[in-house]
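A.B. asks: quick check, what structure comes out for this input:
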Amino acid sequence: MKSRSAYLPGLAAGLGLVWATVVWGHAFPARSEPRVGAVVRTAPTRVQIWFDGELEPAFSTLSVTDAAGTRVDRGDARVDGENRRLLRVSLAALRPGEYKVRWRVLAVDGHRTEGDYTFTVKPPE
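C.D. replies: This next block holds a predicted model:
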């Protein structure tokens, strides 16, 4: 008969796998264009965020607002048809100023994450 301590390594490994599933189950941004906190001279025509996991298109959103809170995106946010890790939205013509990007996504495994960041369009010199 095995002692209880003989089962501890297996139990620890099993708990580790459960923890890894919980931690890696969420989709988080891997990179974005424009980048987080970027100061750009040319106004972008779209915002794109690449995530570290695949997204559910019907439940993933992306919006962009100006400093007054007015939406400046064209309302066409979508997950890319060929790359389900890419979420994008097109933008109206942007004036110089600070803009806030807000995202909320549902990963294919059912975990929801959300966040925001800003970027700035610099006035022409």
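A.B. asks: which residues of the chain fall in strands?
C.D. replies: Ranges of strands in the chain, per DSSP state E, are 29-33, 39-40, 46-51, 61-65, 78-79, 86-90, 97-106, 112-121.
A.B. asks: out of those strands, which is closest to residue 72?
C.D. replies: For those, proximity to residue 72 was assessed by Cβ to Cβ; strand 61-65 is nearest, at 5.3 Å. Placement of C-beta: from N, CA and C, glycine included.
A.B. asks: angle of the closest one against strand 86-90?
C.D. replies: Strand 61-65 runs at 40 degrees relative to strand 86-90, counting by axes from the mean of the first three to the mean of the last three Cα atoms, to 10 degrees.
A.B. asks: what's the mean pLDDT across strand 61-65?
C.D. replies: Taken as a whole, strand 61-65 has a mean pLDDT of 98.
A.B. asks: buried residues in it?
C.D. replies: Buried residues in strand 61-65, defined by neighbour count with 16 or more other Cβ atoms under 10 Å: 62-65.
A.B. asks: for stretch 98-109, same thing?
C.D. replies: Buried residues in stretch 98-109, counted by 16+ other Cβ under 10 Å: 99, 101, 103, 105-107.
A.B. asks: cool, and stretch 27-36?
C.D. replies: Using 16+ other Cβ under 10 Å as the test for burial, stretch 27-36 gives 27, 29, 32, 34.
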